[in-house]
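Novice: below are the sequence and a predicted model; questions follow.
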Amino acid sequence: MSVFGFVQAGGGSVRFGADKALVQFEGKTVLARTVELVASVCGETRIVAPLGKYGDASVPILADQWPGQGPLGGILTALHQIKERRRNPPAHDYALILSCDMPFLTREWLAHLCDCGVKSTAQVVVPRSENGLEPLCACWRADAALAIQAAFDGGVRKVTEAMKRLPMEVLDEAAWKRFDTDGRLFWNMNTPADYEEARRVFEERAGSFEAQDKQARPLQ
């Protein structure tokens with residue numbers, strides 16, 4: 001069995017006012033950071049977006065088959081891609097599917113989420129925070145595509161509504177809190193103000209690490 005990684009970057013960034021996938025933290029775009037993170041826990045990684053949108057990306061672009069139809073179309077695109085590429089698949093293949101605008105996710109958490117997904121009998125494993133389900137940070141079994149397609153064809157566009165059509169395992173705070181040292185694990189950027197807040201946090205972290213490094217250096 002394999003876990004394939006997909007980073008969703010096909011949204012219009014309407015509230016942000018610009019392509020939020022291209023804003024930078026510490027010299028890298030948030031898209032590049034997310035791709036590196038996903039690639040560190042998955043065998044293969046793709047970006048789900050319009051073809052040609054991110055020509056300099058480090059991984060291939062998978063064209064969204066339903067552009068303009070929201071993230072559920074991107075999730076379907078990813079799951080169908082796995083089925084098409086694996087002509088003789090093992091019992092189950094899985095997809096870790098994330099949005100590109102969650103800058104505080106960690107490798108440790110994503111590795112744990114993938115492990116939970118592979119071990120679960122459910123077709124989707126999703127965390128739940130104080131804000132509810134976090135559907136754009138979930139591990140999906142590839143064979144969920146059939147039920148999701150039926151929901152999509154029936155007019156469903158909300159990811160959480162599609163999830164309810166599947167055997168679903170929900171990871172509550174007890175499962176992810178230890179990975180959330182800053183209390184921002186599932187925090188995402190929807191507006192320029194959100195981006196400025198995230199930059200402030202990254203700068204504070206950098207200053208803290210620099211101070212710790214100076215304290216750890218022996219006196220000359």
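Specialist: Okay, I see it. Numbering: from 1, shown residues only.
Novice: could I get the average pLDDT for stretch 19-36?
Specialist: Stretch 19-36 carries an average pLDDT of 91.
Novice: pull the residues that contact that stretch.
Specialist: Residues from elsewhere that reach stretch 19-36 (Cβ atoms under 8 Å, 6 or more residues apart in numbering): 7, 9, 13, 45, 47, 54, 57-59, 98, 100-103, 105, 189, 195, 198-199, 202, 206. Yep, even glycine has a C-beta here, placed from its N, CA and C like the rest.
Novice: is residue 169 bridged to anything, and to what?
Specialist: Counting by DSSP bridges, residue 169 forms beta bridges with residue 125.
Novice: host element of the closest residue to residue 161 other than its chain neighbours?
Specialist: Nearest residue to residue 161, sequence neighbours excluded (Cβ to Cβ, 6 or more residues apart in numbering): residue 151, at 7.2 Å. Residue 151 belongs to helix 145-153 when assigned by DSSP states H and E.
Novice: now do residue 48
Specialist: Short version, using DSSP H and E: residue 48 is in strand 44-49.
Novice: what residues of whichever helix or strand comes after that strand count as buried?
Specialist: Per DSSP H and E, the first helix or strand lying C-terminal to strand 44-49 is strand 61-63. By neighbour count with 16 or more other Cβ atoms under 10 Å, strand 61-63 contains the buried residues 61-62.
Novice: what does strand 61-63 rub up against?
Specialist: Residues contacting strand 61-63 (Cβ under 8 Å, 6+ apart): 6, 46-54, 77-78, 81.
Novice: for PyMOL, write the select line for the buried members of these.
Specialist: Remark: buried members of the contacts of strand 61-63, expressed as a PyMOL selection using 16+ other Cβ under 10 Å:
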select buried, resi 6+46+47+48+49+53+54+77+78+81
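Novice: pLDDT weak spots in the chain?
Specialist: Applying pLDDT under 70 to the chain flags residues 1, 12-14, 17, 86-91, 206-220.
Novice: could you look up the SS state of residue 165?
Specialist: coil (DSSP: H, G, I helix; E, B strand; the rest coil).
Novice: that one contacts residue 148, correct?
Specialist: Yes. Counting by Cβ atoms under 8 Å, residue 165 does reach residue 148; the two are 7.2 Å apart.
Novice: before we move on, the earlier item: could you point out which of the contacts of strand 61-63 is nearest to residue 137?
Specialist: residue 6 (11.7 Å; Cβ to Cβ).
Novice: so the closest one sits in a strand?
Specialist: Yes. Counting by three-state DSSP, residue 6 is part of a strand.
Novice: name the nearest residue to it, sequence neighbours excluded.
Specialist: Using Cβ to Cβ, 6+ apart, the nearest residue to residue 6 is residue 78, at 4.1 Å.
Novice: just want the most central residue of this protein.
Specialist: By Cα atoms, centre = their mean, the chain has its centre lying nearest to residue 98, at 1.4 Å.
Novice: please, which helix or strand holds that one?
Specialist: With DSSP H and E as the criterion, residue 98 is inside strand 94-99.
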